[in-house]
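# structure for the following, please:
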Amino acid sequence: MRTEPSPGNLPAREHLPAGNAGTPVLDVVIPVYNEEKDLQPCVLRLHEHLARTFPYAFRITIADNASTDTTPLVAARLEAEISEVRAFRLEQKGRGRALRTVWSASDAPVLAYMDVDLSTDLNALLPLVAPLISGHSDLAIGSRLARSSRVVRGAKREFISRTYNLILRGSLQARFSDAQCGFKAIRRDVAQVLLPLVEDTGWFFDTEMLVLAERAGLRIHEVPVDWVDDPDSTVHIVKTATDDLKGVWRVGRALATGSLALDRLARPFGDDPRDREISGVPKGLARQLVGFCVVGVLSTLFYLMLYSGFRTFSGSQVANALALLVSAVANTAANRRLTFGVRGRGGAVKHQAQGLVVFGIGLALTSGSLAALNAATTEPAHATELAVLVAANLAATVLRFLLFRAWVFPDRRDESPSTVVASHTPAVPAGPASPVYATTPRSSYGSAPVPHETTSYGTNAYGTTHSPHDHQTWGDATMQLQPVRPSDHDPRDAR
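Now for the predicted structure:
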């Protein structure tokens, strides 16, 4: 979705360097809430798999969101025993809150998460993160609904999962196949710009992140997985489904009104420097065409109602001119906001003036059609008039779209130099066993980075010391990491 002018794009994806001393390439986050029984077997199995198969340095981060059992003690013990394991605690519930907090503070260039039950076969982990390391993709998800996936689960969960994905496809035009699989990864440079746009702090966090990324044109890689349902899952299906539907409505409304600055997530056309010099590459043609058609259908219905109303007290030519004028103003405003993503008052008068020129072309086509009909038939039936006008409007619609795209709302992003939005300087490691998490907060979108606030494992941002034997406690750090969000209070029990 485009603003005017465009404030800048993400940099081109690049292959991550083969080695970077002191900084893990991959940070796998395990969000937990009251998982004292499953946490240790999960971490030990995951650590053994990564140590045996993953060719880069890695970290496993346990994100405890307000557990009330002995989960924090288990996490602290694992952190003390395994050098690649770190434990954080947040005092508020919410899987989305835990992921956003840890991902926003991590210094690893690739960020992933998986559920503590390890329902997904770990052999899919390297294929999941490889496209992100190579620079091919921006996000990666495991899919239980791919043709080659092998899934063992009950009929009720299968029905709910497929129904939910059908809802996403029908309401938000999502093209990814599985939004709820707890097995995802994202590049850090993308996360730094994308996460401030994601509002949900619970189970809808994944879906919202993927929908916004897809709408922004980011590349999402899907990996077929082998997946076995956990019969002891603590997820409340009805409550989660209700919250998800509320999230679908909220995100759909935000996308329809153009209130999200998704243009800040745009990538250059190609990663080769020669590709970035290409001009005139169409951007979002398919989405714009769909939006234009929807607006066009609604405008046509509006036009026909106006014409029928004006026709009761005026001739066909006058009624046609009045109805077309009113509907043209509404059509231009709707296409400006919804189809071409132009927000704000800047240029609105100019756009309406150009829209009136396009209106004149439509008026000539429809008036000419009516004149031809009246010449052929002395007193044509009202239904015949409407049929002729529909045909003339269809012909004018094609020309209107081309003029809107090329003249009224041209994409001018290539005319100004790109500004890198997601910038990050890795913090200097505090020691061999104490890598530093660094965060780059921003006061507002598009502003220059402010100095880093670093939180090391030796001393955290709140001034308390942290030894390998006692896990670090984070409050609701989401507020500090998300300065652009209006609110981060979520009273819902996300688990």
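# residues contacting the strand or helix carrying V248, please?
Using DSSP states H and E, V248 sits in helix 237-257. Contacting residues not belonging to helix 237-257 are listed as 1, 156-157, 160, 164, 167-168, 171-172, 199-200, 202-204, 207-208, 211-212, 215, 260, 337-338, 492-493 [Cβ atoms under 8 Å, 6 or more residues apart in numbering]. From N, CA and C alone the C-beta is placed, and that goes for glycine too.
# return the distance of it from the chain's centre.
14 Å (Cα atoms, centre = their mean, to the nearest Å).
# buried residues in it?
240, 243-244, 247-248, 251, 254-255 (16 or more other Cβ atoms under 10 Å).
# just stretch 130-137 next, same as before
Going by 16+ other Cβ under 10 Å, stretch 130-137 has these buried residues: 130-133, 137.
# list the contacts for the spatially most central residue of the chain?
Among the residues of the chain, the one closest to the centroid is L212, at 1.8 Å (Cα atoms, centre = their mean). Neighbouring residues of L212 by Cβ under 8 Å, 6+ apart: 194, 197-198, 251, 260, 262, 265.
# distance of it relative to A254?
Going from L212 to A254 by Cβ to Cβ, to the nearest Å gives 9 Å.
# quick check: longest helix of this structure.
helix 348-376 (DSSP state H).
# what residue ranges in the stretch 251-400 of the chain score low on pLDDT?
267-284, 343-344 (pLDDT under 70).
# D64 against A75, yeah?
Yes: using Cβ atoms under 8 Å, D64 makes contact with A75 at a distance of 5.7 Å.
# strands of this protein, residue ranges please.
In the chain, strands defined by DSSP state E lie at 26-32, 58-65, 85-90, 110-114, 139-143, 150-152, 183-187, 220-224, 226-228, 437-439, 453-455, 472-474, listed in chain order.
# what lines up beside the longest one in the sheet?
Taking DSSP bridges as the criterion, strand 58-65 sits next to strand 26-32 (parallel), strand 85-90 (parallel) in its sheet.
# quick one: closest of the ones you listed to V342.
strand 26-32 (37.5 Å; Cβ to Cβ).
# how far off centre is stretch 98-105?
16 Å.
# if we can go back for a sec, from the buried residues of stretch 130-137, which land in helices?
Those of the buried residues of stretch 130-137 lying in helices (DSSP H): 130-133.
# which of the residues you listed lies closest to R400?
Nearest member of those to R400, counting by Cβ to Cβ, is P131, at 39.8 Å.
# pretty sure that closest one is touching R187, no?
No: between P131 and R187 there is no contact under Cβ under 8 Å: 9.7 Å.
# so Q192 makes contact with S104?
Yes: at 7.3 Å, Q192 counts as touching S104 under the criterion of Cβ under 8 Å.
# among the strands of the chain, which comes closest to V342?
Taking these one by one with Cβ to Cβ, strand 220-224 is closest: 26.0 Å.
# pull up the pairing partners for the closest one, direction included.
strand 139-143 (parallel).
# identify the residues contacting the strand it pairs with?
Against strand 139-143 from outside (Cβ under 8 Å, 6+ apart): 120, 124, 128-129, 131-132, 149, 176-179, 181, 183-187, 190, 209-210, 213, 218-225, 227.
# and the buried ones among the contacts of helix 237-257, selectable in ChimeraX?
Remark: buried members of the contacts of helix 237-257, expressed as a ChimeraX selection using 16+ other Cβ under 10 Å:
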select :1,157,160,164,167,168,172,199,200,202,203,204,207,208,211,212,215,260,337,338,492
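# I'd like to know how many residues surround A75.
28 (other Cβ atoms under 10 Å).
# tell me how far it lies from L99.
From A75 to L99 the distance is 16 Å (Cβ to Cβ).
# before we move on, the earlier item: save the buried residues of stretch 130-137 as a markdown table, and put in pLDDT and distance to F310 too.
Below are these laid out as a markdown table (pLDDT from 0 to 100; distance: Cβ to Cβ, whole Å):
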| residue | pLDDT | distance to F310 |
| --- | --- | --- |
| A130 | 95 | 62 |
| P131 | 94 | 57 |
| L132 | 95 | 58 |
| I133 | 93 | 63 |
| S137 | 92 | 54 |
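# make TSV out of the residues you listed and add distance to E79.
Converted to TSV, those look like this (distance: Cβ to Cβ, whole Å):
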residue	distance to E79
A130	28
P131	30
L132	26
I133	26
S137	31
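# identify, from those, the entry nearest to L306.
The closest of those, once distances to L306 are taken by Cβ to Cβ, is S137, at 47.8 Å.
# all helices for the stretch 301-450 of the chain, in order.
Taking DSSP state H, counting those that start in this stretch, the helices of the stretch 301-450 of the chain run over residues 316-334, 348-376, 382-403.
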